[in-house]
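Q: return a 3D structure for these sequence lines:
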Amino acid sequence: MIDLPKAVKLSFSKLPPNWSYLKVSVMTPVNLDITDIEFKSAIMQSLQVNHGKVGSLSHVDVLKITSMTKCHNDYYSCHVILRVARQHKQHVWSALTLITTFQGSRCAINVVKESPVLVSLLPSQNSPHTGHSRYRHQPAVF
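A: Prediction:
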């Protein structure tokens, strides 16, 4: 008879995930048509300017951009979901907050929520808002 190994208990890895997901708020005084290519280009340019060669090597993917909606005080806002390599998260986060113009218009970009799991950025079933956030969204100051 051949001895077979006992049943192996499956467990999740204790290693941190390779990706981090960011939910980003973009607020402007003008209704803009933001495309994923333009937004990624703005991020990569900010990374290059503010972090040099190290920043330009950061991996960023634009997964989703919501359409612009009118919010308080005649400003428009949208949300963008980004996938960022975990080791580049701090560089990308700082580069995002340092972007002050987009498509020739003033803007404020804030990270609303960060998670290692994409599904946690989806709207909550119990909340009338777009999910719980540990970061308070502040109106842009122009």
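
Q: what sits closest to the residue sitting nearest the centre point of the chain if chain neighbours are left out?
A: Among the residues of the chain, the one closest to the centroid is Leu22, at 2.6 Å (CA atoms, centre = their mean). Spatially, and ignoring its direct neighbours in sequence, Leu22 is nearest to Leu82 (4.5 Å; CB to CB, 6 or more residues apart in numbering). Any C-beta I mention is one placed from the backbone N, CA and C, and that applies to glycine too.

Q: so what sits opposite that neighbour in the bridge?
A: Leu82 has these beta-bridge partners by DSSP bridges: Leu22, Val62.

Q: can you report how many residues lie near it?
A: 27 (other CB atoms under 10 Å).

Q: residue contacts, it?
A: Each residue near Leu82 by CB atoms under 8 Å, 6 or more residues apart in numbering is listed here: Tyr21, Leu22, Lys23, Val24, Ile43, Val60, Asp61, Val62, Leu63, Val92.
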